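Novice: below are the sequence and a predicted model for it; my questions follow.
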Amino acid sequence: QVQLVESGGGLVQAGGSLRLSCAASGRTFSGYAVGWFRQAPGKEREFVGAIIFSTYFADSVKGRFTISRDNEKNSVYLQMNSLKPEDTAVYYCAACALVDSTYYTSSSTYNYWGQGTQVTVQS
């Protein structure tokens, strides 16, 4: 069992940056693929990015967001730069075993989810 806790959300002006953290407990995180998703009010949950053996991003955030992993801290980070109002959403991290991560853009791939953290970008 893996428990995930996100932090780092908040209110930021357009063009600004935030770094979200996803801390894991219960298992060593290094053996898991970690995805980031977001959900804006009235919209479906959408894939943002993932870290497996490499990193992958949705076209809407490519070049602005990066993902990194710190195995010693059992954490994964989503660095968000050049934020836009359309990035406003609740952001979730999720995890699954590496062997199950083929369809990493799909939320149904992931077994474990954090509670989410709100990101609001003001124009």
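Specialist: Yep, it's here. All of these numbers come straight from a predicted model, not from anything done at the bench.

Novice: chain center to stretch 22-39: distance?
Specialist: Computed by Cα atoms, centre = their mean, to the nearest Å, the separation of stretch 22-39 from the middle of its chain amounts to 9 Å.

Novice: mean confidence for it?
Specialist: Averaged across stretch 22-39, pLDDT comes to 91.

Novice: go through that stretch and flag the buried ones.
Specialist: By 16 or more other Cβ atoms under 10 Å, the buried positions in stretch 22-39 come out as Cys22, Ala23, Ala24, Phe29, Tyr32, Ala33, Val34, Gly35, Trp36, Phe37, Arg38. To be clear about C-beta, it is placed using only N, CA and C from the backbone, and glycine gets the same treatment.

Novice: quick one, phi psi at the first one?
Specialist: When you say that, I think you mean Cys22. Main-chain dihedrals, Cys22, degrees, to the nearest 10: phi -130, psi 110.

Novice: what count of nearby residues applies to Asn81?
Specialist: Applying other Cβ atoms under 10 Å, we find 14 residues neighbouring Asn81.

Novice: again with Ser107
Specialist: 16.

Novice: against Phe37, how distant is it?
Specialist: 6 Å (Cβ to Cβ, to the nearest Å).

Novice: what sits in contact with each of these two?
Specialist: Common contact partners of Ser107 and Phe37 (Cβ atoms under 8 Å, 6 or more residues apart in numbering): Arg45, Phe47, Ala94.
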